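Chemist: I'll drop the sequence and a predicted model, then ask my questions.
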Amino acid sequence: MITIQGKGVSTGVALGPLYFYQRVKSTVTRYEVADTEAEWARFKAAQEKAIAELGELAEKARAEAGDEAAMLFETHQMMAEDLDYEESIQTAINDSKLNAEAAVSDTAAQFAEMFASMDDAYFQARAADVKDVSGRILGILTGAVAGGVDSPVPVILAADDLAPSETVQLDKSKILGFITEGGSGSSHTAILARTMGIPAIIGVGDALKPEMAGHEVIVDGSNGNILIDADEAARAKMLRKMEEQKKMQALLDELKGKPNVTKDGQSVRIYCNIGSPDDVAAVLKNDAGGVGLFRSEFLYLNCDDYPDEEYQFKAYKQALSDMGGREVVIRTLDIGADKQIGYFNLPNEENPALGNRALRICLNRPEIFHTQIRALYRASAFGKLSIMFPMVTSVWEVREAKKMCERVKKELTAEGIPFDNDVEVGIMIETPAAAIISDRLAKEVDFFSCGTNDLTQYTLACDRQNNDLGRFFNPHHPAVLRLLKMVCDNAHRNGIWVGICGELGADLALTETFLSIGIDELSVSPRSVLPLRQKVRETDVRVVREKVLADLMGDENNEI
Ligand code: PEP
Ligand code: MG
């Protein structure tokens with residue numbers, strides 16, 4: 001038995017024969033051309049065909065894996081007709097009298113090198129894209145045929161790296177899993193594998209040898225483990241894991257379309273946390289009821305300068321319209337502490353988690369806040385938006401933030417720009433101060449959403465970024481849970497709803513507690529939606545409530 005360790009980027013266990021991807025490489029010959037115009041026309045024809053093929057692939061990807069997967073090919077279409085890319089090819093043909101194949105090949109190498117040398121991992125990953133697009137154009141120019149899997153049985157596919165177009169063109173019924181020599185977790189191939197639900201392991205280097213082809217291989221995408229010719233015991237263990245996963249997924253899939261309701265009829269909304277409009281595909285795929293936390297600061301983190309109103313408006317509008325009328329709670333800018341952005345020029349602080357962050361920045365720099373609130377209200381005309389402010393500690397902060405909403409509504413009315421007048425406005429409860437005065441705060445807003453990551457950090461005086469604190473950072477601490485109960489009671493006494501959008505919301509060990517204290521909404525990562533739905537449907541609050549509350553409020557628990 002041979003064991004190989006890689007990096008798992010798409011979970012699941014798969015077993016099958018190892019198969020090396022057959023790639024038909026087009027050989028590029030170089031020669032001088034006399035008629036540069038005719039050569040340019042040859043390139044343009046190949047480029048046009050490549051763009052048409054990419055359009056078809058985008059549609060195929062859309063049908064198989066959703067909009068996000070389709071977007072990869074739409075990006076490739078744009079790359080194929082990028083003006084700088086075209087200009088470089090044209091110069092090589094016109095000035096150096098190079099044939100089209102050599103011009104494309106040289107340009108691809110230059111662009112790939114340029115992308116690879118960039119600091120940003122996103123741009124580095126684009127090197128593979130430009131090679132992929134150019135390979136397609138070269139294939140058309142040289143008449144090469146595409147590679148693939150020529151096997152009568154499904155296989156575990158090994159490759160040096162797989163380009164997105166190679167991945168999507170594969171006959172999925174023939175692929176049980178992927179192993180690649182290189183690659184990165186944020187590469188498009190990894191994204192596609194995850195979207196398609198196929199286990200994938202990257203970064204195994206040269207551990208796979210050609211003589212292993214056809215041997216039985218087991219991949220475990222959750223931990224990056226690969227076994228070749230596994231012995232009986234290891235094989236039986238992996239088979240058991242595979243069976244358990246299959247059963248679990250089938251059971252979970254059956255829950256799609258079913259309500260999040262307990263045995264005794266109590267309902268809870270299960271929503272998702274997202275960081276970009278692109279994440280909406282996963283929200284819908286996992287059948288969540290809405291988005292409970294859109295971390296808008298990721299838009300700012302992806303920009304080199306303050307994102308303007310138009311840019312933000314488009315992103316919010318996309319999320320809202322893709323959610324098709326289901327609620328989307330967008331949190332206003334929450335930077336500072338661990339999320340630093342250079343162009344904000346924030347001064348260095350001794351204690352950034354206790355410093356100038358989130359709503360504090362927005363209230364101190366109203367021009368930034370104004371742009372975001374305008375973009376949000378404009379987007380509200382395209383779906384069901386709710387707005388939420390982070391890091392609140394006082395009533396005056398909420399009033400000042402709401403004033404900005406009123407100012408923007410007046411402006412838009414005067415400008416004749418449509419918006420939804422009934423947008424709900426809520427706050428995050430993530431400081432002990434907000435939890436303790438939640439009776440007062442509840443009179444100011446339409447809802448609360450508890451950010452248990454920060455609430456735990458501030459309640460326990462325990463830095464959430466510091467891994468060394470280990471057991472001291474305990475979100476199950478009764479101090480945190482009692483605050484949640486207090487917030488819940490105050491919200492309900494004042495007729496508003498309350499949710500949890502911190503990581504704790506997906507913690508199945510606390511689902512009974514959250515249902516017993518009456519939480520109305522749990523917002524979790526897309527993959528956690530169905531396991532949470534299952535847990536909710538198994539729970540009978542009438543049976544567990546008394547004990548849960550006694551544990552929470554009583555003095556029996558000596559562990560603390
Ligand atoms: C939280 O603090 O629990 C929360 C959801 O916000 P973030 O993790 O983005 O600080
Ligand atoms: Mg927080």
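Modeler: Received it, and whenever you're ready, just let me know what you need. Ligands and ions are numbered 1, 2, ... in the order given.

Chemist: Next one: the residue sitting nearest the centre point of the chain from residue 492, what distance?
Modeler: Ranked by distance to the mean C-alpha position of the chain (CA atoms, centre = their mean), the top residue is residue 279 at 5.0 Å. Noted for residue 279: a distance of 30 Å to residue 492, by CB to CB, to the nearest Å. Where C-beta positions appear, they are placed from N, C-alpha and C, glycine not excepted.

Chemist: ok, now residue 136?
Modeler: Counting by CB to CB, the gap between residue 136 and residue 492 amounts to 58 Å.

Chemist: on that earlier part again, per-residue pLDDT, the residue nearest to the centre of the chain?
Modeler: As summarised for this prediction, residue 279 has a pLDDT of 85.

Chemist: I'd say it and residue 526 touch.
Modeler: Yes: counting by CB atoms under 8 Å, residue 526 is a contact partner of residue 279 at 7.2 Å.

Chemist: quick one: common contacting residues for those two?
Modeler: A shared contact of residue 279 and residue 526, defined by CB atoms under 8 Å, 6 or more residues apart in numbering, is any residue touching both; here these are residue 272.

Chemist: Start and end of stretch 411-425, how far apart?
Modeler: Between the opening and closing residues of stretch 411-425 there is a gap of 18 Å (CA to CA, to the nearest Å).

Chemist: Could you tell me how far that stretch lies from the centre of the chain?
Modeler: Centre-to-centre, stretch 411-425 and its host chain are 30 Å apart (CA atoms, centre = their mean, to the nearest Å).

Chemist: what's the domain layout of this structure?
Modeler: Domains of the chain are assigned by automatic domain parsing as 2-23+148-251, 36-142, 257-338+353-553.

Chemist: if I pick the residue nearest to the centre of the chain, what's in contact with it?
Modeler: Going by CB under 8 Å, 6+ apart, the list of residues near residue 279 reads 272, 526.

Chemist: try 6 Å this time
Modeler: Under the criterion of CB atoms under 6 Å, 6 or more residues apart in numbering, residue 279 has no contact partners.

Chemist: before we move on, back to that, between residue 136 and residue 492, who's got more neighbours?
Modeler: Taking other CB atoms under 10 Å, residue 136 and residue 492 do not tie; residue 136 has more neighbours (25 against 15).

Chemist: ranges for the strands of the stretch 301-450 of the chain?
Modeler: Along the stretch 301-450 of the chain, the stretches classed as strands by DSSP state E, counting those that start in this stretch are 327-331, 384-389, 424-429, 447-450.

Chemist: Could you tell me which residues of the chain lie near ligand 2?
Modeler: Within reach of ligand 2 by CB under 5 Å from the ion, the chain has these residues: 430, 451, 454.

Chemist: export those residues to a markdown table and tack on pLDDT and neighbour count?
Modeler: Supplementary listing: these in a markdown table, determined by pLDDT from 0 to 100; neighbours: other CB atoms under 10 Å:
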| residue | pLDDT | neighbour count |
| --- | --- | --- |
| 430 | 97 | 27 |
| 451 | 96 | 27 |
| 454 | 94 | 22 |
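
Chemist: between the residues you listed, which is closest to residue 171?
Modeler: Distance to residue 171, by CB to CB, is smallest for residue 451 among the residues of the chain next to ligand 2, at 44.9 Å.

Chemist: is it true that that closest one touches residue 428?
Modeler: Yes: at 4.6 Å, residue 451 and residue 428 qualify as touching, with contact defined as CB atoms under 6 Å.

Chemist: Run a quick neighbour tally on residue 268.
Modeler: 23.

Chemist: ok, it - contacts?
Modeler: With CB under 6 Å, 6+ apart, residue 268 has these contacts: 260, 536.

Chemist: per-residue confidence at it?
Modeler: 98.

Chemist: Identify, among the helices and strands of this protein, the element with the weakest mean pLDDT.
Modeler: helix 188-196 (a mean of 62; mean pLDDT, DSSP states H and E).

Chemist: re the thing from before, winner for burial among the strands of the stretch 301-450 of the chain?
Modeler: With neighbours defined as mean count of other CB atoms under 10 Å, those peak in mean count at strand 447-450, which reaches a mean of 26.

Chemist: hmm, that strand touching ligand 1?
Modeler: No: using CB under 6 Å from any ligand atom, strand 447-450 stays clear of ligand 1, with a minimum separation of 7.3 Å.

Chemist: Partner strands of that strand, with direction?
Modeler: Here strand 447-450 has these sheet partners by DSSP bridges: strand 424-429 (parallel), strand 497-500 (parallel).

Chemist: TSV for the ones you listed, including mean pLDDT and distance to ligand 1?
Modeler: Compiled in TSV, the strands paired with strand 447-450 are given as follows (pLDDT from 0 to 100; distance: least, CB to the nearest ligand atom, whole Å):
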stretch	mean pLDDT	distance to ligand 1
strand 424-429	98	7
strand 497-500	98	8
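
Chemist: what's the closest of the ones you listed to residue 486?
Modeler: Evaluated over the strands paired with strand 447-450, closeness to residue 486 peaks at strand 424-429, with 9.7 Å, by CB to CB.

Chemist: With distance to residue 345 added, can I get the domains of the chain in TSV?
Modeler: As requested, the domains of the chain are arranged in TSV below (distance: least, CB to CB, whole Å):
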stretch	distance to residue 345
domain 2-23+148-251	28
domain 36-142	20
domain 257-338+353-553	11
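
Chemist: List, out of the residues of the chain next to ligand 2, those positioned next to ligand 1.
Modeler: When the residues of the chain next to ligand 2 are checked against ligand 1 using CB under 6 Å from any ligand atom, the ones in range are 430, 451, 454.

Chemist: ok, so what distance separates the residue nearest to the second one when sequence neighbours are not counted from residue 204?
Modeler: Beyond its immediate neighbours in the sequence, the residue positioned closest to residue 451 (CB to CB, 6 or more residues apart in numbering) is residue 430, lying 3.3 Å away. The spacing between residue 430 and residue 204, counted by CB to CB, is 41 Å.

Chemist: Kindly report the same for residue 364.
Modeler: Counting by CB to CB, the gap from residue 364 to residue 204 is 50 Å.

Chemist: and the two? which has more neighbours close in?
Modeler: When residue 364 and residue 204 are compared on other CB under 10 Å, the one with more neighbours turns out to be residue 204, at 19 against 10.

Chemist: Could you list which residues are in contact with that one?
Modeler: Contacts here follow CB under 6 Å, 6+ apart; on that basis residue 204 touches 4, 6, 179.

Chemist: helices or strands next to the helix ranked longest in the chain in the packing?
Modeler: Ranked by residue count and defined by DSSP state H, the top helix of the chain is helix 36-65. Contact analysis of helix 36-65 by 3 or more CB pairs under 6 Å, 6 or more residues apart in numbering; DSSP states H and E lists helix 67-80, helix 83-94, helix 100-116, helix 121-142 as its packing neighbours.
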